[in-house]
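Enquirer: sequence isn't available, so here's the structure alone:
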């Protein structure tokens, strides 16, 4: 949902499906023709992609020999970074993002699909595609009290010191400045999250307050021409919209926060901004 909403195109198509199969685990006994359907996520398999753990060790070599690779890789990586930051992914190891590299000659013909060309091709142009898989440990209801060892495996890459591209800023800022786009994203996520048997509106509103804090930090970082490293250095926030059902039903606000009318957007609406008592996420420092 988040990937499509922001046009990031790094998550392979994923849908909620209902399936039944004799190979599934069932707690009771059923006839094969009357197996109950189970609800879950179904993701398109991406062929010929390599684990990032196979590609990252080659990045320095590729960056030095093939400038086209460095640019192509960076433009894809920054989309993954935005996705992970928005959903507050706590498990983006190198095993759950994949990389596909296609090497083209001057005529646009495919020379190789190996991460590193088998022969020296000084004029080759790289086409890079990243696939974000295994996105399940995301959307926490609060910012983690203790940062895990490697929440973002990409945080140590040199690309994190490079400012976000102008193309990405042009794509995202209109959505981040639009209050209707924020509301639309929350509604779409609600339609997905309610499939969880343990779903509650109270828990969902807490998850969305974390996500809104991430969106607000991302918006400010992009406006200021910052880099992923700058983004990770920003204090974690919880942003609770004044219209949230959570506050209408349970509202007791912390003394550590306050209503802020955000004149710069989205929409100048009242929001409850609370800085979380947590250190920025620097897993390699």
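Expert: Happy to help now that I have it. These numbers come from a predicted model, not from an experiment.
Enquirer: hey, where'd the strands end up in this protein?
Expert: 14-19, 38-43, 50-51, 97-104, 110-112, 125-132, 237-241, 257-261, 270-275 (DSSP state E).
Enquirer: strand partners (parallel or antiparallel) of the fourth one?
Expert: The sheet places strand 97-104 alongside strand 50-51 (antiparallel), strand 110-112 (antiparallel), strand 125-132 (antiparallel), with pairing taken from DSSP bridges.
Enquirer: cool, the second one as well?
Expert: With DSSP bridges as the test, strand 38-43 is paired with strand 14-19 (antiparallel).
Enquirer: roughly how far is the strand it pairs with from the heart of the chain?
Expert: 20 Å (CA atoms, centre = their mean, to the nearest Å).
Enquirer: give me the contacts around that strand.
Expert: With CB atoms under 8 Å, 6 or more residues apart in numbering as the test, strand 14-19 has contacts from 37, 38, 39, 40, 41, 42, 43, 44, 192, 195. (Each C-beta comes from the backbone N, C-alpha and C, glycine too.)
Enquirer: now the two most distant members of those.
Expert: Maximum pairwise distance in the contacts of strand 14-19, criterion CB to CB, is 20.2 Å, between 37 and 44.
Enquirer: for the contacts of strand 14-19, give me a markdown table that also has pLDDT, neighbour count and distance to residue 98.
Expert: As requested, these are exported to a markdown table (pLDDT from 0 to 100; neighbours: other CB atoms under 10 Å; distance: CB to CB, whole Å):
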| residue | pLDDT | neighbour count | distance to residue 98 |
| --- | --- | --- | --- |
| 37 | 89 | 11 | 29 |
| 38 | 89 | 13 | 26 |
| 39 | 88 | 11 | 26 |
| 40 | 87 | 11 | 21 |
| 41 | 88 | 12 | 17 |
| 42 | 91 | 11 | 18 |
| 43 | 93 | 14 | 12 |
| 44 | 93 | 11 | 12 |
| 192 | 93 | 12 | 23 |
| 195 | 89 | 11 | 26 |
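Enquirer: out of these, flag the one nearest to residue 27.
Expert: When the contacts of strand 14-19 are ranked by distance to residue 27 (CB to CB), residue 38 comes first, at 11.4 Å.
Enquirer: circling back to that earlier point, between the contacts of strand 14-19, which is nearest residue 25?
Expert: residue 38 (9.2 Å).
Enquirer: low-confidence ranges, the stretch 101-250 of the chain, go.
Expert: For the stretch 101-250 of the chain, the stretches with pLDDT under 70 are 118-119, 122, 146-150, 242-250.
Enquirer: got the residue ranges for the helices in this structure?
Expert: Applying DSSP state H to the chain gives helices spanning 2-5, 52-55, 59-65, 67-87, 166-176, 179-193, 201-223, 228-233, 245-250.
Enquirer: looking at these, which is nearest to residue 132?
Expert: Between the helices of the chain, helix 67-87 lies closest to residue 132; by CB to CB that is 5.6 Å.
Enquirer: go through that closest one and flag the buried ones.
Expert: 68-70, 72-74, 76-87 (16 or more other CB atoms under 10 Å).
Enquirer: over to stretch 188-205?
Expert: 189, 193, 201, 204, 205.
Enquirer: what's the most distant pair in those?
Expert: Maximum pairwise distance in the buried residues of stretch 188-205, criterion CB to CB, is 12.4 Å, between 189 and 201.
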